[in-house]
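> sequence-free structure coming up:
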Ligand code: HEM
C-alpha cells in the first residue's frame, strides 16, 4: 500500500512538472491562437454560458457563502457540538503520511477557496491588481493540491466504499440532529466523510483540469479537441461551466468539513495534527470500527 501511495505521489509531481512545461508551450502559442480562436462553436454553448455566468453562478456562490454557515450557526445554537472526553485513551487513526498529505491539501484549500470567491465577485472587488493577485494565488496553490490529490485518493480509498452502515447513518443523519450520544453506525469513515472524500478527490481532479484549461486560456491541444470533438471555444466554456458547478459542491462540502472538524465535534481537528482520536469519539461516532478494533485487541 505504502508503495502505491509513494508511486502516486511521484506521479502527481510528474503531472505538475508536465503542466509547467506545457504552460510554456501554451504561452508561446498564445498570440497565434487568439487570432485563430475561430468562432466555430461545436456545441453552440455561447448563449447558455453567458446566461449562467450573468445570472446564476455568482448568486449560487453567494447563497452557499451565506446559507451554509447560517445553517451551521443554527445547528450549533440549537443542538450544539458533540463533546467527547479528551482525558481518556486514544486511538491511532492517521499515520504521518496521511497527516502530511492532508495538511498540504488543507493549506491549499485555505487559499484556493477564498481566492476563488474573489474571482467570482471580481466586479465587487473592483477588478485590478487585487483580483489579479487572487487569480494567481488561486492557480499557484492548486499546484500543492494537484501533488497530493492522488496520494490522498489512494491512501484512503479502501475505507471509502459504500457499506450498510452508510445507509443507516444517512437515515439518522449521523446522529447530528440529536444531543444524545448514542453509538452511530459507521466504520473508520461515515457516509458524510465518504461523500466528502469522493468529491474532494475525483471532484478535485476535475477542478484542477478544468481550472488549468481556463488558466492557460489559449491552450491548444489538438488531441483534446479531437477526443472531445469540441472546438476550442466550447471546450473552454464546458470547462468554465463544470468548474463552477463542481465548485458549488466542493465549496459547500468544504464548509461542512470545516464545521465538523472544528466546531461540531469538539477537538476533532487534533486527529489530523497528532494522528490520534479520542476513544470515546470513536466508540460513539464510529461504533462499527470501534467494535472491530476491540475484536483485534487494539482498544
Ligand atoms: C482547514 C482545512 C481542513 C481541516 C481543519 C480538516 C480537518 C479534518 C479532520 C479533523 C479530519 C478527520 C476527521 C475524522 O476522521 O474525524 C479530516 C479528514 C479528512 N479530510 Fe480534512 N480538513 C481540512 C481540509 C481538507 C481538504 C482541503 C481536503 C481535501 C481536499 C480534506 C479531505 C479530507 C478527507 C478526504 C478526510 C477523510 C474523510 C473525512 O474525515 O471527511 N480536508 N479533515
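Yes, it's here. What you see is a predicted model, and the numbers here were worked out from it, not measured in a lab.
> Every contact and neighbour count from this point should use C-alpha atoms.
OK.
> List the residues that contact residue 141.
108, 109, 111, 112 (C-alpha atoms under 8 Å, 6 or more residues apart in numbering).
> next one: phi and psi at it?
Main-chain torsions, residue 141, degrees, to the nearest 10: phi -80, psi -10.
> so what's it scoring on pLDDT?
Looking at residue 141, its pLDDT is 98.
> what's the answer for residue 214, then?
Here, the pLDDT recorded for residue 214 equals 87.
> Pretty sure it sits against residue 239.
Yes: taking contacts as C-alpha atoms under 8 Å, residue 214 lies within contact range of residue 239: 7.0 Å.
> Tell me which of these two has more neighbours.
residue 239 (20 against 17; other C-alpha atoms under 10 Å).
> Near the ligand, which residues of this structure? Just list them.
102, 105-106, 109, 193-194, 196-197, 200, 258, 261, 268-269, 271-272 (C-alpha under 6 Å from any ligand atom).
> Just confirm residue 177 is within a strand.
No: Residue 177: not assigned to a strand; according to DSSP: H, G, I helix; E, B strand; the rest coil it is coil.
> who's in contact with it?
Residues in contact with residue 177 (C-alpha under 8 Å, 6+ apart) are residue 79.
> Likewise for the one 10 residues further on?
Counting by C-alpha under 8 Å, 6+ apart, residue 187 touches 159, 165, 286, 287, 288, 289, 290.
> filter the residues of the chain next to the ligand to the buried ones?
Buried members of the residues of the chain next to the ligand, scored by 16 or more other C-alpha atoms under 10 Å, are 102, 105-106, 109, 193-194, 196-197, 200, 261, 268-269, 271-272.
> Dump those residues to TSV, plus secondary structure and pLDDT.
Listed next are those as TSV, based on DSSP: H, G, I helix; E, B strand; the rest coil; pLDDT from 0 to 100:
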residue	secondary structure	pLDDT
102	helix	98
105	helix	98
106	helix	98
109	helix	98
193	helix	98
194	helix	98
196	helix	98
197	helix	98
200	helix	98
261	helix	96
268	coil	94
269	coil	95
271	helix	97
272	helix	96
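> CSV for the residues you listed, including distance to residue 96?
Output for those, formatted as CSV (distance: C-alpha to C-alpha, whole Å):
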residue, distance to residue 96
102, 10
105, 14
106, 15
109, 20
193, 20
194, 21
196, 21
197, 19
200, 20
261, 19
268, 17
269, 15
271, 11
272, 9
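> now, which of those residues sits nearest residue 181?
In terms of C-alpha to C-alpha, no member of those lies closer to residue 181 than residue 268, at 15.5 Å.
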